[in-house]
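Asks: no sequence on this one, just coordinates:
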């Protein structure tokens, strides 16, 4: 199993996150209404964006639990869309497809931290698949199509650059995430933990 797919409990419940009611509401609306296209969380580092995304995945209905897939900023295109399984070719002499992160995210939540830093070629792939719900891969004489419908959650720190307009349009909801300044509110998550 890939290190980017999380199926174990996250350990910090969605409802236990202090404050950020607008952020939680946007995530819940996005999870209930997939036609929105996803939710973008804009805010400074350490404001619980990733914690909320992971905790939301725990609330998604389904048996088995829908996957939470983290698309890392340094992922290659092959890792995202899938590629030829070279070990199968060498072992069996038969070309086989090794699914990528978009396959793993099918039916679950795809989380892109620092989405504004994602390379342009991956943004294009993500836009195509998010729109169509199908990942089309052509590699080394293979042609593979598979379903890839997911709830897209992106997070970003606006100080690190803006999001491409095409990707910004993909997100139906954008929420500004602000850390609490009140020391009691900042200490409450530690107390709850």
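Replies: Cool, the structure landed. These numbers were taken from a predicted model, which means no experiment stands behind them.
Asks: Would you mark the buried spots in stretch 144-160?
Replies: Neighbour-count burial for stretch 144-160 flags 144, 146, 148, 150-157 (criterion: 16 or more other C-beta atoms under 10 Å). For glycine as for every other residue, the C-beta is placed from the backbone atoms N, C-alpha and C.
Asks: In strands only, show me the residues you listed.
Replies: Those of those mapping onto strands are 144, 146, 151-156, per DSSP state E.
Asks: in this protein, which spans are strands?
Replies: In the chain, the strands defined using DSSP E lie at 5-6, 39-43, 68-70, 82-84, 97-99, 109-113, 134-139, 142-147, 151-156, 173-177.
Asks: Poorly predicted segments of this protein, please.
Replies: Applying pLDDT under 70 to the chain flags the ranges 1-11, 180-181, 185-190, 192-193.
Asks: separation between the residue nearest the centre of it and residue 65?
Replies: With distances taken as C-alpha atoms, centre = their mean, the residue of the chain nearest its centroid is residue 111 (1.3 Å). To residue 65, residue 111 is 15 Å away according to C-beta to C-beta, to the nearest Å.
Asks: got it, and residue 121?
Replies: Taking C-beta to C-beta, one finds residue 121 at 31 Å from residue 65.
Asks: The two - which one has more neighbours?
Replies: residue 65 (16 against 11; other C-beta atoms under 10 Å).
Asks: That one touches residue 109, doesn't it?
Replies: No. Counting by C-beta atoms under 8 Å, residue 65 stays clear of residue 109, with 10.5 Å between them.
Asks: Tabulate the buried residues of stretch 144-160 (JSON lines), appending distance to residue 136.
Replies: Below are those laid out as JSON lines (distance: C-beta to C-beta, whole Å):
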{"residue": "144", "distance to residue 136": "8"}
{"residue": "146", "distance to residue 136": "9"}
{"residue": "148", "distance to residue 136": "10"}
{"residue": "150", "distance to residue 136": "16"}
{"residue": "151", "distance to residue 136": "21"}
{"residue": "152", "distance to residue 136": "18"}
{"residue": "153", "distance to residue 136": "23"}
{"residue": "154", "distance to residue 136": "22"}
{"residue": "155", "distance to residue 136": "27"}
{"residue": "156", "distance to residue 136": "27"}
{"residue": "157", "distance to residue 136": "32"}
